[in-house]
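**Student:** below are the sequence and a predicted model; questions follow.
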Amino acid sequence: MRSSHAAVSSLDIISTKIHLTKINRKLTNCQCFAAASLVLPHGIIRGVGSVRRFRVHGTSDELFRVTVTNVDNLEVGTAEGECLLVIQSSFFKCRTKLTADSIQEFNPRQTSRMKNNLLHPVRGSYLSALLLLLLLSATPAESSSDWWQDTVFYQIYPRSFMDSDGDGVGDLRGITSRLEHLADAGIGATWMSPIFKSPMVDFGYDIEDYMAIQPEYGSMEDFDALMEEASRLGIRVVLDFVPNHSSDRCEWFRRSAARDPGYADFYVWHDGRENPDGGQPLVPNNWQSVFYGSAWTFHPGRGQYYLHQFTKEQPDLNFRNPAVVERMKDVMRFWLGKGVAGFRVDAVNHLFEVEDFRDEPVTGTDPDPLSYGFTHHYYTKDLPEVYDMVYQWRSLLDDWTQEHGGSTRIMMTEAYANITFTMKYYRSEDGSRVGSHMPFNFLLITDLNQASTAQDFVFTINKWLTYMPRDQQANWVIGNHDQPRVGSRYGVDRIDTINTLLMTLPGIAVTYYGEEIGMVDYKNVSGVETAGSDVFIDFSRDPERTPFQWDDEKNAGFSSGESTWLPVNPNYVDLNLEKQKQAERSHYKTYQELVKLRKQETFRKGSIQMIPYNEQVVTFIRELPGHPTFVTVLNLGPREQQLDLSIFTRLSPELSVAVASSRSNFHAGDAVQRDRLTLGAFDSLVLQESESYLRLPFGVSLPVGRLWGGSGVTSRQLGVGDVALIASILIALGALGGGCCVHFGRQKANQPQVETGKQRKFGGAWRGAARSLSVG
């Protein structure tokens, strides 16, 4: 009995039941190999990517298999059937009978004949060998990607990076003098926090003049020199763009307060509510500032309230006014003309508010009516008009690139929002309009901390990958100028662990300055005395903004002045870049190796599957046909762990260390046995397959390199004779009724691989199943 067909993106296993789940999106044209969601008693594990076609089969105490082939438009029914020929497989244990048949037939008769042939014990193995021949004889294309899609972005906080003139404040010349550091680390692009003219109430996020440089930081000539040096080093520069609000000293605001023609509605103004006692009107509604207190301030000169979702010195611009929209586009064009590679758009989800200014509903969880948590922000955040504005800006960037040539100009967007809202920044629901290249992914900041388990990490990472639209690029942000540093948030023992995670996940990595050397927050006494201990701990962002620690000289090499705008962390004597560059092992050297490693094609284009090995150990595999396979292993806990990585069924028995953490007992190049790995406390490793293996039935694996007398081969090194020999072996094995799998790795290459779910070795349990081939 067949059910009606439906597009399917996930398989859910809940206890002993399995059912198919429908979602409203197509899963096509993606290089990842699986998109299955498993809901197990211990949590959710997801295999991510785009399924083009799959079948599953399993019985009590056996495995079931998700298989992926190259047929578009997944359709699912319930007829029982065996697996078709497998290009990539993931194996999961299931305690209940599981049958599902998924076919989208372009030629039903031909597909039917193919199915019969593939399931035939002899004819199927001939076809398997033929497929292997085709796979091995074809040289895998090195698919090109745009510059931003797999680079490392490095955030520079200008006040704290490098001071060139001894005034204790970082500046543009200082940044220019230290750009060699970014190049040495392997950084491809830098995002600079605001450098525009500002009263510095919010350290540059209150802009007085959008087309002028803050005098503390230098001049426009200094900026041009910075751009020239960055270009020489191959580093692209992205600027912070703050469109939601300006400074109250901005000429636009002064003219708006005076009701000058053309500026009267440049900002959000309101008469306020009638005061029953007479006198100054009451605030218009219960909207609160992100920074505490009412979001409205009365302007005596104009006799109205103006909206400010942040400080009262940061009035909100009125994006319902076309003149404001065009003026902001002019700002973007100005800096594009200066050669910037794009913009990071600040607080983008605050751009619009409802026009009737209604009160926001009370949350009931925060008793303080002046706190931002007192209300739900349904009417001041994440409105539909926000996305339209982002799509307009993306169109401007694309048009600029098309008109002026050169590399893609990109847009990053900052919005602390529900993940479903965040995903809308990528593109419109119908796909007709595109938006942000990088809607910032803050999940590693907001959803994880020192107490998080391996299951929490896997769930959080897969949450983003599952929600993200197909053909878009993931990004991972582990810190910024508003959040505690990695070492302070996760613990200093996990600095290398988190950097290893960041650099081996698919997509774009974003590093906050100083994280490469393991800088930590510094809660200096002066800040506590000034703000009060409770306010300082709850609201101050100074601890994560202290000067960069270059060396053990005065002021950590940041400034020659007598004092610095924020105190340097006293630990700079032992924790600084120069010392780590001289050390045999350090956070910085580990970071360098990780950045170098992620340039491998497997990390740029490969699939990912994740397994929480236990409460403390995260493991995941990265694989790509024709390229090396890699496994990342992260120990989040303080105890040594004994691991058996044969949970990854296609992983060869012999591995080698590609990158080890600075505290590890392992070194790069060390040999590791797949089923006997001792991982130290808080250790992190990236492992690679040391050799290529021919996988035979009954759990037997033979090293292909040794068959040919070599030390290891890749699919791209095999000749026609080699392929013919492998094909002959497969045909012979097929006649015996066994299943086999050939898996190719690359010796001494740098990349990771992972599988999802509780897995077992592929052996003789698959009676009558088609022969399977896996090239990874």
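**Tutor:** Thanks, I have the structure now.
**Student:** the stretch 601-750 of the chain: strands as residue ranges?
**Tutor:** Here the stretch 601-750 of the chain has its strands, by DSSP state E, counting those that start in this stretch, at 607-612, 617-623, 630-635, 641-643, 654-660, 671-673, 677-679, 684-689, 693-695, 701-703, 741-743.
**Student:** following element in sequence after the helix or strand Met389 falls within, please.
**Tutor:** Per DSSP states H and E: Met389 is located in helix 384-404. Moving toward the C-terminus from helix 384-404, the next helix or strand (DSSP H and E) is strand 410-413.
**Student:** mind exporting the C-alpha coordinates of that next one to PDB?
**Tutor:** Extracted in PDB, the C-alpha atoms of strand 410-413 (Å, rounded to 0.1, in the frame of the first residue of the first chain):
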ATOM      1  CA  ILE A 410      29.400  41.300   0.700                       C
ATOM      2  CA  MET A 411      26.900  42.100   3.500                       C
ATOM      3  CA  MET A 412      27.000  40.700   7.100                       C
ATOM      4  CA  THR A 413      24.000  41.300   9.300                       C
END
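**Student:** ok so, going back, show me what the helix holding Met389 is packed up against.
**Tutor:** Counting contacts by 3 or more C-beta pairs under 8 Å, 6 or more residues apart in numbering; DSSP states H and E, helix 384-404 packs against helix 322-337, strand 342-345, strand 410-413. Backbone N, C-alpha and C define where each C-beta goes, glycine included.
**Student:** which elements pack onto the second one?
**Tutor:** This points to strand 342-345. By 3+ C-beta pairs under 8 Å, 6+ apart, strand 342-345 packs against strand 236-241, helix 384-404, strand 410-413.
**Student:** may I have the strands that pair with it, each with its orientation?
**Tutor:** strand 236-241 (parallel), strand 410-413 (parallel) (DSSP bridges).
**Student:** quick check: which of those is buried the most?
**Tutor:** strand 410-413 (a mean of 26; mean count of other C-beta atoms under 10 Å).
**Student:** what residues does that strand touch?
**Tutor:** Here strand 410-413 makes contact (C-beta atoms under 8 Å, 6 or more residues apart in numbering) with 148, 153, 191, 238, 341-345, 348, 390, 393-394, 397, 425, 435-440.
**Student:** show the pLDDT at the nearest residue to Met411 once chain neighbours are set aside.
**Tutor:** Closest residue to Met411 apart from its sequence neighbours, by C-beta to C-beta, 6 or more residues apart in numbering: Ser436 at 5.1 Å. pLDDT for Ser436: 99.
**Student:** Ser436 touches Lys424, doesn't it?
**Tutor:** No - using C-beta atoms under 8 Å, Ser436 is not in contact with Lys424, being 9.4 Å away.
**Student:** which one of those two is surrounded by more residues?
**Tutor:** Ser436 (27 against 22; other C-beta atoms under 10 Å).
**Student:** and the more buried one, helix, strand or coil?
**Tutor:** coil (DSSP: H, G, I helix; E, B strand; the rest coil).
**Student:** ok, it - contacts?
**Tutor:** Ser436 neighbours (C-beta under 8 Å, 6+ apart): 345, 390, 394, 411-413, 425-426.
**Student:** quick one: which of those is nearest to Ala658?
**Tutor:** Met412 (29.3 Å; C-beta to C-beta).
**Student:** quickly list what that closest one is bridged to.
**Tutor:** Here Met412, judged by DSSP bridges, has bridge partners Arg344, Met438.
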